[in-house]
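> have a look; sequence and predicted model below, questions after that.
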Amino acid sequence: MNSAPPDADADGDFFALFALPRSFELDDGELSRRYRALQAAAHPDRFAGKSEPEKQAALAAAGRINEGYRTLKDPLARAAYMLSLAGINALAESGAQMSPAFLTQQMEWRETLEANGNDNDNDSKKLTREVREAEAATAAEAAALLPAEGRGESEKQKLADTLRRWQYIRKMLAAIKESE
Amino acid sequence: MAYSNKVIDHYENPRNVGSLDKSAGDVGTGMVGAPACGDVMKLQIRVGEGGVISDAKFKTYGCGSAIASSSLITEWVRGRTLDEALQIKNAHIAEELELPPVKIHCSILAEDAIKAAVADYKKKAQGEAAA
């Protein structure tokens, strides 16, 4: 096995780092296996006796490997990353406005969650199911527009909006979890 | 990050939480959101004679700064005309609440919400005038 750390300054993207195809569909098991192998190769212990620059390079590589793994493992982070490769940072602070209908839906979900409290098991389950279904539908919408590279501007913007809606739904799921 | 006392005060004792009838002709509703943090803010105004805002309500699901910003703006717009309400800028809110730079977007959200509410009211009023 190569003793050099994986190149932290590689121009390649995270897919290249993990030697995976640039695709939204991703083999979770394969990603985890490659993550562990890369992590082992860049582990600081392996560079204990090496020079300072080599240690620094290993540390930077380990950081990039962790960031890459976190990014690719989560479907929303992965989709947002793929869109960023096409030049759009969908989830950054911006003036992007969501449609009033979508925001009204978010508001209604929040109000339902608040009204349900803890003693309304059936209604809570119904809400959870509805939000989870919305997440699955939004993820499918995003998948249909990925990869984003090579697509026209309007499709990229549509994907960006889809990812922002997905982010909202994630927050809603987190709020449901918190209330349990 | 520490919240200022003013943010905490509005957060713990939010003013004017609630809803107005959004289908009423004298009510304008502004619904805005911040995708990056998943915040959603609803701000409603009731407009009386001479275009003066007689009531304002809000509902915000978000962080303390977003709640405080919307609470403060409902206090500020009451008794003001629509044009005066549109003069309120996020910088005024941020200054009053002593918001740190990372929370400035919460005050922008409140400014966007009042603009949206005024626009909604005006659209309704024009529709009625045309009818």
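Thanks, I have the structure now. Numbering: from 1, shown residues only, chains lettered A, B, ... in the order given.
> give the contact list for the residue in chain A that chain B sits nearest to.
Of chain A, the residue with the smallest distance to chain B, taken as Cβ to the nearest Cβ, is A:Lys171 at 3.1 Å. The way it works is simple: take the backbone N, C-alpha and C, and place the C-beta from them, glycine included. By Cβ atoms under 8 Å, 6 or more residues apart in numbering or on different chains, A:Lys171 lies in contact with B:Cys37, B:Gly38.
> distance-wise, check it relative to A:Leu76.
Separation of A:Lys171 from A:Leu76 (Cβ to Cβ, to the nearest Å): 11 Å.
> just the pLDDT at A:Ile67, thanks.
No Ile there; residue A:67 is Glu. With respect to pLDDT, A:Glu67 scores 95.
> got the CA positions of stretch B:86-95 in CSV?
This file holds the C-alpha atoms of stretch B:86-95, laid out as CSV (Å, rounded to 0.1, in the frame of the first residue of the first chain):
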residue,chain,number,x,y,z
LEU,B,86,-41.9,50.7,4.3
GLN,B,87,-39.2,53.2,5.6
ILE,B,88,-38.2,50.7,8.3
LYS,B,89,-34.9,49.1,7.2
ASN,B,90,-33.2,46.0,8.5
ALA,B,91,-30.3,48.2,9.8
HIS,B,92,-32.8,49.9,12.3
ILE,B,93,-33.9,46.6,13.6
ALA,B,94,-30.3,45.2,13.8
GLU,B,95,-29.2,48.3,15.6
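> buried residues in it, which are they?
When neighbours are counted by 16 or more other Cβ atoms under 10 Å in any protein chain shown, the buried residues of stretch B:86-95 are found to be B:Ile88, B:Asn90, B:His92, B:Ile93, B:Ala94.
> mind giving me JSON lines with those residues and columns for distance to A:Asp13, pLDDT and secondary structure?
Converted to JSON lines, the buried residues of stretch B:86-95 look like this (distance: Cβ to Cβ, whole Å; pLDDT from 0 to 100; DSSP: H, G, I helix; E, B strand; the rest coil):
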{"residue": "B:Ile88", "distance to A:Asp13": "44", "pLDDT": "96", "secondary structure": "coil"}
{"residue": "B:Asn90", "distance to A:Asp13": "36", "pLDDT": "94", "secondary structure": "helix"}
{"residue": "B:His92", "distance to A:Asp13": "43", "pLDDT": "95", "secondary structure": "helix"}
{"residue": "B:Ile93", "distance to A:Asp13": "40", "pLDDT": "95", "secondary structure": "helix"}
{"residue": "B:Ala94", "distance to A:Asp13": "37", "pLDDT": "95", "secondary structure": "helix"}
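> fine, thanks again, bye for now.
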